[in-house]
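Chemist: Model the structure of this input:
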Amino acid sequence: MSTQLVKLLFAVVAVLGLLPHFPAAASPAGFPSREVQMVVPAEPGGGIDLVARLLAKNIAPALAQSVIVINRSGASGNVGAASVARAEPDGYTLLVTGVGHLVSPLLHASPGYEPIKDFQPVAKIANAPNVLVVHESLKGLSLTQLVEDPRSRTAGLAYATAGYGHSSHLAAEVFMGRTGANWLHVPYRGTGPASRALIGGEVQLMFVPAGSVQPLLATGRAFALAVAHPQRLASLPSTPTLAELGVQGAEFSQWYGLFAPAGTPAAATKVLQDATLGFVADAEVQRQLRSLGLEPAPMDRSEFAAFLGAQSKRLSTLVIKERVEGSTK
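Modeler: Below is the predicted model of the structure:
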């Protein structure tokens, strides 16, 4: 071997050593051998979109292929999800989505897909915990005092949500079911409008995704009362959990995960799973997720499938007809 060739090989090894991230997943039968597409069933800029873009950027080196994000919004996420359900089950068209994936078929007669039957779970990525925030007019009330306040029992207090079936809505349903509270639901079109309604005093309460809570608290007109999550959040270390305040079993978070169409070969989903779990395990990725108000929550294919089955049963009891029928009018 020539001296020049030896030097060239050492140079290549040195360059490869500078490439971080995750070890390349084993690729059975050459998978993937071309570009991988991740469909986001929502507009750019939202939580699902941010997670998908972070995932795509970081697993591309592990897959040794380009990974692109395609936004297909519409019909509460049904358009994007249905397009992946109909895609060739070869591992090259994937779906990054959240709890709405399970909720939408409970709200719409013909969503265009079945969330369990039409998809193969690949990996769970993260949770977006909800925080119970109250208007300044309720400042000083403890959680117990809030629940026992006569207004809580007679729909005299109103709570905002980002819409029917949103995690902010479901978190409130879980809380009310556990405490006996009876708040008036006022749905808005998104977290932004709902937050503004809370600041303005149109409503008195709201479960807010952790990633959106800091600007709300910075106004000085809203206060975090409790976290609907098993542990306190690094971003809100002084805010107790609901369980710490005596309300057990009321945790509810948005979650984000990766799916493939049903029938995708197990060898392909294994490669995608391993790359995704490597992504979530990376310390810098975890830092970035937490900076977005998310908590890393990795699950492999079998764990994610079991989680989805349990979530589906839980959600079917939460989406009560008289509380959500307005979403289909």
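Chemist: May I have the beta-bridge partners of the spatially most central residue of the chain?
Modeler: With distances taken as C-alpha atoms, centre = their mean, the residue of the chain nearest its centroid is residue 255 (2.9 Å). Listed by DSSP bridges, the beta-bridge partners for residue 255 are residue 127.
Chemist: can I assume it is in contact with residue 98?
Modeler: Yes: contact criterion C-beta atoms under 8 Å: residue 255 and residue 98 qualify, at 5.7 Å. Where C-beta positions appear, they are placed from N, C-alpha and C, glycine not excepted.
Chemist: so what sits against both of those two?
Modeler: Shared contacts of residue 255 and residue 98, defined by C-beta atoms under 8 Å, 6 or more residues apart in numbering, comprise residue 128.
Chemist: ok so, going back, just list the residues touching the residue nearest to the centre of the chain, thanks.
Modeler: By C-beta under 8 Å, 6+ apart, the contact list for residue 255 reads 98-99, 124-128, 297.
Chemist: And it, what's its pLDDT?
Modeler: Looking at residue 255, its pLDDT stands at 93.
Chemist: before we move on, the earlier item: return the members of the contacts of residue 255 classed as buried.
Modeler: 98-99, 124-128, 297 (16 or more other C-beta atoms under 10 Å).
Chemist: Name the nearest of these relative to residue 217.
Modeler: Residue 217 lies nearest to residue 128 out of these, by C-beta to C-beta, at 16.6 Å.
Chemist: Report how many residues lie close to the nearest residue to the closest one once chain neighbours are set aside.
Modeler: Nearest residue to residue 128, sequence neighbours excluded (C-beta to C-beta, 6 or more residues apart in numbering): residue 254, at 3.9 Å. Using other C-beta atoms under 10 Å, residue 254 has 24 other residues around it.
Chemist: Is residue 254 in contact with residue 130, as I believe?
Modeler: Yes: the pair residue 254 / residue 130 is scored as a contact, 7.4 Å apart, by C-beta under 8 Å.
Chemist: Identify the contacts common to those two.
Modeler: 167, 209.
Chemist: so what's residue 257 up against?
Modeler: 96-98, 121-125, 299, 304.
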